[in-house]
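Visitor: can't give you the sequence, but here's the structure:
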């Protein structure tokens with residue numbers, strides 16, 4: 001089953017940064033035309049599964065925020081295409097994605113998003129819908145969703161394979177098998193991909209890239225920027241903010257959908273699958289100068305705040321003392337961007353057990 005692990009840094013760490021932020025940040029030019037936020041859900045109103053569920057009250061709060069007039073909610077595919085084509089995005093652009101094809105998407109989320117006029121992309125594994133499986137949509141329901149112009153269908157493998165632990169041949173076979181099913185069932189193959197569990201290594205990312213997708217998404221937090229969306233490798237491991245009952249309150253949602261992407265390049269390490277050395281040397285280069293970059297903080301889920309080393313005006317390195325544990329580790333780097341908004345870059349790593 002899918003897992004969501006949120007990193008509990010925002011309420012304390014960002015509050016501390018805000019206190020330290022100088023007045024210059026209120027006049028910051030945020031470069032929001034190069035940035036969007038993609039949010040991610042799984043279940044709706046399924047209280048038995050709090051780690052992947054969003055309550056209906058939370059969903060109503062999120063929809064109310066998105067329809068307040070402050071945001072431009074666009075299809076995820078259009079956001080990616082506009083970023084890759086160099087077209088400016090509207091202020092506070094947000095995209096909605098949902099993983100795994102649970103029936104509560106059909107029964108609870110879709111009617112609410114449709115009433116509000118909000119588009120979304122559904123990523124689901126094809127094997128879930130071949131036979132009646134409790135809690136998942138039928139093919140008839142998937143097809144009904146796909147007829148809605150507000151709904152796009154994305155690729156999520158055939159069996160919900162944990163690709164970070166699979167070899168390249170297995171990954172390629174999963175992608176091809178599911179693509180053939182989508183062609184048969186809907187008459188078209190999805191152009192966007194989302195990794196089951198959000199975890200991948202460089203070999204998996206290359207397999208997805210070579211399969212012809214436009215872009216692919218993980219489950220690591222962070223705003224989506226033009227630099228990453230156009231990077232020939234990084235565009236196949238794009239960020240999304242995941243929500244569940246614990247991390248779905250209105251205050252956090254409002255904070256998340258107002259984040260801005262850090263303009264970065266030359267990310268290291270290249271492979272999210274960690275071997276040796278562990279911990280890896282984590283860092284990135286800013287593609288433009290950002291005033292106040294000395295306020296940046298990078299936080300790892302297994303350790304806490306790392307030691308920041310600045311190499312010149314644009315290179316940021318974060319050093320962590322402890323090895324990444326087995327399974328997933330997330331690093332989030334945040335920086336005040338002015339007017340209550342935050343730059344946010346996140347990355348997820350995986351250590352095989």
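Guide: Received it, and whenever you're ready, just let me know what you need. Quick caveat, the model's predicted, so the values are computed rather than measured.
Visitor: when you work out contacts or count neighbours from here on, use the C-alpha atoms and nothing else.
Guide: Fine.
Visitor: ok, and the closest non-adjacent residue to residue 175?
Guide: Nearest residue to residue 175 in three dimensions, chain neighbours excluded: residue 157, at 5.4 Å (CA to CA, 6 or more residues apart in numbering).
Visitor: and residue 114, by the same measure?
Guide: Excluding its sequence neighbours, the residue lying closest to residue 114 (CA to CA, 6+ apart) is residue 150, at 7.3 Å.
Visitor: residue 44 versus that neighbour, what's the distance?
Guide: To residue 44, residue 150 is 18 Å away according to CA to CA, to the nearest Å.
Visitor: now swap in residue 210 and tell me
Guide: For residue 210, the distance to residue 44 - CA to CA - is 34 Å.
Visitor: which of the two has more neighbours?
Guide: residue 44 (26 against 10; other CA atoms under 10 Å).
Visitor: check contacts around the more buried one.
Guide: With contacts defined as CA atoms under 8 Å, 6 or more residues apart in numbering, residue 44 is in contact with 53, 54, 55, 56, 59, 104, 105, 108, 109.
Visitor: among those, name the buried ones.
Guide: Among the contacts of residue 44, those classed as buried by 16 or more other CA atoms under 10 Å are 53, 54, 55, 56, 59, 104, 105, 109.
Visitor: and the last one, what's its pLDDT?
Guide: In this case it means residue 109. The score at residue 109 is 98. That number is its pLDDT.
Visitor: then the third one?
Guide: Residue 55 is assigned 98 on the pLDDT scale.
Visitor: now it: closest residue in space, sequence neighbours ignored.
Guide: residue 45 (4.7 Å).
Visitor: that neighbour against residue 54, yeah?
Guide: Yes. With contacts counted by CA atoms under 8 Å, residue 45 reaches residue 54, the gap being 6.2 Å.
Visitor: so who does the most centrally placed residue in the chain touch?
Guide: The centre of the chain sits closest to residue 240, judged by CA atoms, centre = their mean, with a distance of 1.3 Å. If a contact means CA under 8 Å, 6+ apart, then residue 240 has 37, 38, 39, 40, 217, 218, 219, 220, 221, 222, 223, 224 as its contacts.
Visitor: my guess is residue 158 meets residue 175, correct?
Guide: Yes. The criterion here is CA under 8 Å, and residue 158 meets it with residue 175 at 6.8 Å.
Visitor: overlap in contacts of those two?
Guide: By CA under 8 Å, 6+ apart, no residue touches both residue 158 and residue 175.
Visitor: count the residues that sit near residue 95.
Guide: Residue 95: 24 neighbours (other CA under 10 Å).
Visitor: same deal with residue 177?
Guide: Counted with other CA under 10 Å, residue 177 comes out at 16.
Visitor: ok, and the closest non-adjacent residue to it?
Guide: Here the residue nearest residue 177, using CA to CA, 6+ apart, is residue 158, at 6.4 Å.
Visitor: got the phi/psi numbers for the one you found?
Guide: Phi and psi for residue 158, reported as degrees, to the nearest 10, are phi -90, psi -50.
Visitor: distance of it relative to residue 188?
Guide: From residue 158 over to residue 188 (counting by CA to CA), the distance is 15 Å.
Visitor: of those two, which one has the most company?
Guide: residue 158 (22 against 13).
Visitor: who's in contact with residue 209?
Guide: Applying CA under 8 Å, 6+ apart, the residues contacting residue 209 are 215, 233, 236.
Visitor: residues near the nearest residue in space to the first one that is not next to it in sequence, how many?
Guide: Yep, that's residue 215 we're talking about. Excluding its sequence neighbours, the residue lying closest to residue 215 (CA to CA, 6+ apart) is residue 236, at 4.9 Å. Residues lying near residue 236 (other CA under 10 Å) number 28.
Visitor: doesn't residue 204 make contact with residue 236?
Guide: No. Residue 236 is beyond contact range of residue 204, at 9.7 Å (criterion: CA under 8 Å).
Visitor: nearest spatial neighbour of residue 95, skipping sequence neighbours?
Guide: residue 38 (4.6 Å).
Visitor: what do you get for residue 296?
Guide: Nearest residue to residue 296 in three dimensions, chain neighbours excluded: residue 335, at 4.8 Å (CA to CA, 6+ apart).
Visitor: sticking with the one you found, tell me its helix or strand.
Guide: strand 327-338 (DSSP states H and E).
Visitor: quick one: strands adjacent to that strand?
Guide: For strand 327-338, the paired strands and their directions (DSSP bridges) read strand 297-300 (antiparallel), strand 341-351 (antiparallel).
Visitor: so for residue 83, which of those sits nearest?
Guide: strand 341-351 (16.7 Å; CA to CA).
Visitor: what about that closest one, distance to the chain center?
Guide: From the chain centre to the centre of strand 341-351 is a distance of 9 Å (CA atoms, centre = their mean, to the nearest Å).
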